[in-house]
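> Pasting the sequence and the predicted coordinates here, then a few questions.
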Amino acid sequence: MVCSYCQIKPAEGYLKWYCSDCSKLKRLINLHGSRVYEILDNVLLRSEDKQRNKELLEIKKEVKDQEQKLSDSDHLYDTKEKKEMLKELKDKLKKK
Ligand SMILES: [Zn+2]
């Protein structure tokens, strides 16, 4: 029988309701009550948001830097082909 909570691991123990991981979680909830949910919220949910925000910021910064580098070197792209190449590069950066 599969664990009735996570529905992934096999159920264990006498009653065969929960797997070993979910049994442990249940014991922690019984012991610490709502603190368990607060900790999960703070650690898992919020830090994930923060991580994503940080990643987005890093990507934006990188794109800006690259765009700046490209516009600094605009004068080097003096032929038609080179200008097209520059436009392509800028378009690629925008897609990121
Ligand atoms: Zn489980």
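Nice, I can see it.

> Val2 bridge partners, please.
Residues found in beta-bridge contact with Val2 (criterion: DSSP bridges) are Pro10.

> Tell me the spacing between it and the ion.
Counting by Cβ to the ion, to the nearest Å, the gap between Val2 and the ion amounts to 8 Å. From N, CA and C alone the C-beta is placed, and that goes for glycine too.

> And for Gln68?
Using Cβ to the ion, one gets 51 Å for the distance from Gln68 to the ion.

> three-state assignment of that residue?
The assignment at Gln68 comes out as helix when based on DSSP: H, G, I helix; E, B strand; the rest coil.

> In contact with it, which residues?
In this structure, Gln68 makes contact with no residue, judged by Cβ atoms under 8 Å, 6 or more residues apart in numbering.

> nearest residue to Glu21 other than its sequence neighbours?
Check again: residue 21 is Asp, not Glu. Closest residue in space to Asp21, ignoring its immediate chain neighbours: Lys9 at 6.5 Å, by Cβ to Cβ, 6 or more residues apart in numbering.

> How many residues are close by Val64?
Small correction: residue 64 is Lys, not Val. 11 (other Cβ atoms under 10 Å).

> wait, what's in contact with it?
Lys64 is in contact with no residue at all, counting by Cβ under 8 Å, 6+ apart.

> do you know how far it is from the ion?
When Cβ to the ion is the yardstick, Lys64 and the ion sit 45 Å from each other.

> Kindly report the same for Lys83.
60 Å.

> Going by secondary structure, that residue is in what exactly?
In this assignment (DSSP states H and E), Lys83 forms part of helix 80-95.

> circling back to that earlier point, may I have the phi/psi pair for the residue nearest to Asp21?
With angles defined as degrees, to the nearest 10, Lys9 sits at phi -90, psi 160.
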